[in-house]
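Enquirer: okay, here's the prediction I keep looking at, along with the sequence it came from:
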Amino acid sequence: MKTKGKEDKDVFYVEVREPDELRRNILESLRDIVESLQRFEKFKETRKEKEHLVHKLRKDIGELKKLIGDLKNALPESKLRDVEIKPILKGDQKTKKKKHKKKKEVEEKRPSTELEKLESELGAIEDKLKGLQ
């Protein structure tokens with residue numbers, strides 16, 4: 001038999017109005033929590049994949065830098081890059097140049113690309129060949 005004691009005093013009952021509605025709210029809250037946890041797990045996976053890809057990218061960049069260095073060492077040295085070609089302007093070209101001078105002053109000077117450098121080197125070589133003939 002049970003003895004009346006502290007246990008009986010601590011137990012109390014509360015009336016729950018609309019228990020089905022309360023149960024539905026609790027289950028909806030639990031569903032939202034589970035969905036949030038799923039999104040967080042996907043986020044962690046995405047972050048791990050990103051870290052892996054960044055690591056791979058850094059490794060690839062390092063390898064490319066090494067290969068570029070090897071390529072530069074393998075190519076013969078040339079002083080043709082120092083050659084600058086100045087085009088000879090004719091009458092109509094001089095007037096066109098004056099008209100567009102203001103536009104050119106406003107525009108920033110862009111660095112010459114590798115293609116432009118190679119074209120100028122090619123022009124210099126062609127000029128030297130014409131001079132030899």
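Expert: All right, it came through fine.
Enquirer: per-domain residue ranges of this protein.
Expert: Here the domain parsing of the chain from automatic domain parsing is 13-75, 78-133.
Enquirer: show the average pLDDT along the helix or strand hosting K117.
Expert: If you go by DSSP states H and E, K117 is part of helix 114-132. Averaged across helix 114-132, pLDDT comes to 76.
Enquirer: next one: stretch 13-31
Expert: For stretch 13-31, mean pLDDT rounds to 90.
Enquirer: by contact count, what packs against the longest helix anywhere in the chain?
Expert: Longest helix of the chain, by residue count under DSSP state H: helix 19-74. Helices and strands touching helix 19-74, by 3 or more Cβ pairs under 8 Å, 6 or more residues apart in numbering; DSSP states H and E: there are none. All C-beta spots, glycine's among them, are computed from the backbone N, C-alpha and C.
Enquirer: any idea how far N25 is from R31?
Expert: Distance of R31 to N25, computed by Cβ to Cβ, to the nearest Å: 11 Å.
Enquirer: likewise I61?
Expert: Separation of I61 from N25 (Cβ to Cβ) stands at 53 Å.
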